[in-house]
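In: quick one, what's the 3D model for this:
(2 chains)
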Amino acid sequence: GAGVSQSPSNKVTEKGKDVELRCDPISGHTALYWYRQSLGQGLEFLIYFQGNSAPDKSGLPSDRFSAERTGGSVSTLTIQRTQQEDSAVYLCASSFAPPGNTIYFGEGSWLTVV
Amino acid sequence: QQPVQSPQAVILREGEDAVINCSSSKALYSVHWYRQKHGEAPVFLMILLKGGEQKGHEKISASFNEKKQQSSLYLTASQLSYSGTYFCGTEIYDDKIIFGKGTRLHILP
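Out: The predicted model follows:
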């Protein structure tokens, strides 16, 4: 597609439920990033993929968070047993192989845990 | 490893200039600048690479001091549309891009 596509755009879930967030990067982009942004806060790094492998998972907040990428394209971020503090916008971005390439952000998935 | 941005917030009148700074404790390969408006995704402004190459919007200027691991974004003759939160992202060679906490810029008419 023309840009990074994320779904769902909005998700309200009950505490304790699992959620899956999907990211479809720009065609040809080998690098894919997930960031989290809580209300009024900065961009918190979660995980980074180069192709299908994740060289850096250091930003995942807990073992309830996991992510995968298949076919060097679509990525899914899964949050198990959601907690209220997981409420945030989850932003996906993609780029050509690093280093030194611009990353382009999707519109984000707004997650609210009630 | 997170870059430090300063100032945290700036209020300007339309037409005034501003400088936003970004510094890192690590040797950098590149610095990325983004602007985010409320409720929207961050939008690319400029990338500055080790060795002096720059890519970005014509009306935006920035500098990158590789020795000091610092970058500055220069906003001249500010317009109302410049309002938003500015983020710098730093990249160590072949590694993830980490963003600072942001600088909130508000332009008054």
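
In: ranking helices and strands of the chain by mean pLDDT, which lands last?
Out: Defaulting to chain A. strand A:53-56 (a mean of 85; mean pLDDT, DSSP states H and E).

In: actually it's chain B I care about, not the one you picked
Out: Ranked by mean pLDDT, DSSP H and E, the weakest helix or strand in chain B is strand B:54-56, scoring a mean of 87.

In: tell me which strands whichever helix or strand comes after that strand pairs with, and in which orientation.
Out: Remark: after strand B:54-56, the chain's next helix or strand is strand B:61-65, criterion DSSP states H and E. Within its sheet, strand B:61-65 is paired with strand B:70-75 (antiparallel), according to DSSP bridges.

In: near chain B, which residues of chain A?
Out: A:33, A:35, A:41-43, A:45, A:48, A:55-56, A:59, A:91, A:98-108 (C-beta under 8 Å from any C-beta of the partner chain). Heads up, the C-betas are built off the backbone N, CA and C, glycines and all.

In: filter these to the buried ones?
Out: Buried members of the residues of chain A next to chain B, counted by 16 or more other C-beta atoms under 10 Å in any protein chain shown: A:33, A:35, A:42-43, A:45, A:48, A:59, A:91, A:98-108.

In: tell me if I'm right that residue A:10 and residue A:90 touch.
Out: No. Look at residue A:10 against residue A:90 with C-beta atoms under 8 Å: they stay out of range, at 11.3 Å.

In: shared neighbours of the two, anything?
Out: Shared contacts of residue A:10 and residue A:90, defined by C-beta atoms under 8 Å, 6 or more residues apart in numbering or on different chains, comprise residue A:109.

In: nearest spatial neighbour of residue A:68, chain-adjacent residues omitted?
Out: In this structure, residue A:68 finds its nearest non-sequential neighbour in residue A:76, 5.8 Å apart by C-beta to C-beta, 6 or more residues apart in numbering or on different chains.

In: show me the shaky parts of chain B.
Out: For chain B, applying pLDDT under 70 flags the ranges B:94.

In: around chain A, pick out the residues from it.
Out: So chain B meets chain A at B:29-30, B:32, B:34, B:40-44, B:47, B:49-50, B:55, B:87, B:89, B:91, B:93-102 (C-beta under 8 Å from any C-beta).
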